[in-house]
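In: quick one, fold the following:
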Amino acid sequence: MDKLQAMQVFVQVVELNGFARAADKLGLPRASVTTIIQNLEAHLGTSLLQRTTRRLSLTADGEAFHERAIRILAEVEEVETGFIEGRRHPKGRLHVDMPTSIGRLVVIPALREFHARYPDIELKLGMNDRQIDIVQEGVDCVLRVGELADSSLIARRLGLLSRVTCASPAYLQKHGVPKGLDDLASHKGVRYFSPNLGNRSYPFEFMADGTALEVPLTGAISVNDSEAYIACGLEGYGLMQPALFMVLTQLQSGELVEVLPEYRPPHMPIAAVYPQNRQPSQKVRLFVDWVVSLFEKCPLLQGSDKAFDCYQQEGRAVA
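Out: Okay, here's the model as predicted:
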């Protein structure tokens, strides 16, 4: 039995004082209305209506049920209206988590545009380089870098992050500029370790003839924060392989210098993800659509070779 429909039919029968009038208003056969009320009374185990040839009257149980049914139906209508209105004018809190560098350098500078479109959505931004548990931590959506191993997540690809091998001029002056991969044996690297890898460090990777090669580098320091990673490279602790968008300003100014441009690291995918068993809300869909358009506008975030042109033309790359 559809309990909500039964309440609606019962309320109409009472308010219109008749089965036929209720059937006409609801667009149902009179026999169906009669059957629904009979099934409702059987389900409740009590008589709700007293029937005479001229009118209907409520029993004591019928009066109590009628009062509560009206209240419940009003609440249901209010909820439905709120969702319909929410689709037209989305509002409420949206909890999104993302890597610190993506949030600080890409998302936050463009947020005025998002809030201009959706002024009633309150964003709760979590920014860290730790891979969080979306369900356990109650997050609506995360932006995640790297290949996704978790099949319980639905992902929408945002872009590809171009990466660059670089170091400070002071480091290169002291240790020399590597001309090929064999030269890396005499160099040090800033290491980035992550709990996502069991606190192991990400390897140094280079593309050679379409194949990704891992080259071991010793290092004097390892960090687990993207901003600390860049700071160590600027301080001359060794070679590093950050995403290009993170160090573009330093490459343009000469604070960092690209090396081995013919062996650039493979791109890293980035995606917006949410749980497979959770229907994404309107707010999640709107935010993801906006982030997709944000990434599409920037070659730095799409793995395009054009991303390197903005500093190479100034002679900042060192072969």
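
In: okay, the residue nearest to S222 when sequence neighbours are not counted: pLDDT?
Out: In space, not counting the residues next to it along the chain, S222 is nearest to R191; the distance is 3.8 Å by C-beta to C-beta, 6 or more residues apart in numbering. (Each C-beta comes from the backbone N, C-alpha and C, glycine too.) The predicted local confidence for R191 comes out at a pLDDT of 92.

In: pretty sure R191 contacts A220?
Out: No: contact status for R191 versus A220: not in contact, 9.1 Å apart, counting by C-beta atoms under 8 Å.

In: which of these two has more neighbours?
Out: Ranked by neighbour count (other C-beta atoms under 10 Å), R191 and A220 place R191 first, with 23 against 11.

In: which residues does that one contact?
Out: With contact set as C-beta atoms under 8 Å, 6 or more residues apart in numbering, R191 has these partners: S201, Y202, L217, G219, I221, S222, V223.

In: who does the helix or strand that contains R112 touch, helix- and strand-wise?
Out: According to DSSP states H and E, R112 maps onto helix 111-117. Of the remaining helices and strands, those touching helix 111-117 by 3 or more C-beta pairs under 8 Å, 6 or more residues apart in numbering; DSSP states H and E are strand 121-127, helix 282-296.

In: close enough to count as contact, Y263 and M207?
Out: Yes: assessed by C-beta under 8 Å, Y263 is found in contact with M207 at 6.1 Å.

In: quick one, which of those two is more surrounded?
Out: Just comparing Y263 and M207: by other C-beta under 10 Å the higher neighbour count belongs to Y263, 18 against 15.

In: distance of the residue nearest the centre of the chain from F295?
Out: A centroid search over the chain (C-alpha atoms, centre = their mean) returns C141, at 2.9 Å, as the residue closest to the centre. To F295, C141 is 14 Å away according to C-beta to C-beta, to the nearest Å.

In: same deal with N17?
Out: 62 Å.

In: what do you get for Y229?
Out: Counting by C-beta to C-beta - Y229 and F295 are separated by 22 Å.

In: next: H115.
Out: For H115, the distance to F295 equals 18 Å [C-beta to C-beta].

In: tell me where this structure has strands.
Out: Assigned by DSSP state E, the strands in the chain fall at 49-51, 56-58, 92-98, 121-127, 141-145, 153-161, 166-167, 191-194, 200-201, 204-208, 211-215, 222-223, 257-258, 268-275.

In: returning to that earlier point: distance to A170 and pLDDT added to the contacts of R191, as CSV?
Out: Supplementary listing: these in CSV, determined by distance: C-beta to C-beta, whole Å; pLDDT from 0 to 100:
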residue, distance to A170, pLDDT
S201, 23, 79
Y202, 24, 83
L217, 18, 90
G219, 17, 87
I221, 15, 91
S222, 20, 92
V223, 19, 92
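
In: take these and lay them out in JSON lines including distance to I102.
Out: Output for the contacts of R191, formatted as JSON lines (distance: C-beta to C-beta, whole Å):
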{"residue": "S201", "distance to I102": "21"}
{"residue": "Y202", "distance to I102": "16"}
{"residue": "L217", "distance to I102": "25"}
{"residue": "G219", "distance to I102": "24"}
{"residue": "I221", "distance to I102": "23"}
{"residue": "S222", "distance to I102": "21"}
{"residue": "V223", "distance to I102": "17"}
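
In: closest to H43 out of the residues you listed?
Out: Comparing the contacts of R191 against H43 with C-beta to C-beta picks out Y202 as the nearest, at 61.9 Å.

In: that closest one - nearest residue in space that isn't next to it in sequence?
Out: Closest residue in space to Y202, ignoring its immediate chain neighbours: Y192 at 5.1 Å, by C-beta to C-beta, 6+ apart.

In: that neighbour and Y229 touch, don't they?
Out: Yes: using C-beta under 8 Å, Y192 makes contact with Y229 at a distance of 5.2 Å.

In: ok, the two, which is more surrounded?
Out: Comparing Y192 with Y229 by other C-beta under 10 Å, the one with more neighbours is Y229, at 25 against 21.

In: give the burial count for the closest residue to L160 other than its chain neighbours, as a bare number.
Out: With C-beta to C-beta, 6+ apart as the criterion, L160 has its nearest non-adjacent residue at 3.1 Å, and that residue is G303. Other residues near G303 come to 17 when the count uses other C-beta under 10 Å.

In: thank you, goodbye.
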